[in-house]
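[1] predicted model and sequence follow; I will ask about them next.
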Amino acid sequence: MTTFDEREAAFESKYAHDTELQFRLEARADRKLAQWAAEKLGKSASEIDSYTAEVIRADLKESGPEDVIAKVTADLGASATAMDVREKYAGFLAEAKAELTAS
């Protein structure tokens, strides 16, 4: 294997790792956002779990957090703006990053 091949393999490995990490960060932030929204909506413990699953399914529609933010914003109605939801999501994303890098 040449140096170029080794370097290419290293870049591919790093890309795969970074992509997996980003997926895990977003999944954790989605879950935290869903639980926050469910509590704000006054859902019971069993309803929180099903609502969280519903929000996670919404994230599979397109890449990035926009579909989750749109769903949660629509569900919350007048009790939170899209900006509020985005700020919460950003905070949860930072929390998720701190949790995953600590472990």
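    Everything's here; your move.
[2] from here on, just use CA atoms for contacts and neighbour counts.
    OK.
[3] list the residues that contact the residue nearest the centre of the chain.
    With distances taken as CA atoms, centre = their mean, the residue of the chain nearest its centroid is Glu26 (2.6 Å). Residues in contact with Glu26 (CA atoms under 8 Å, 6 or more residues apart in numbering) are Pro65, Leu93.
[4] again, but for Gln35
    Ile48, Asp49, Tyr51, Thr52.
[5] could you list the buried residues of the strand or helix carrying it?
    For Gln35, the element it lies in under DSSP states H and E is helix 3-40. For helix 3-40, the neighbour count (16 or more other CA atoms under 10 Å) marks 25-38 as buried.
[6] so Ile56, which of the three states?
    Per DSSP: H, G, I helix; E, B strand; the rest coil, the secondary structure class of Ile56 is helix.
[7] how many neighbouring residues does it have?
    Using other CA atoms under 10 Å, Ile56 has 20 other residues around it.
[8] not counting sequence-adjacent ones, nearest residue to it?
    Asp30 (6.5 Å; CA to CA, 6 or more residues apart in numbering).
[9] from Asp67, how far out is the one you found?
    According to CA to CA, to the nearest Å, Asp30 and Asp67 sit 10 Å apart.
[10] residues that sit against both of those two, list them.
    Counting by CA under 8 Å, 6+ apart, the residues touching both Asp30 and Asp67 are Asp59.
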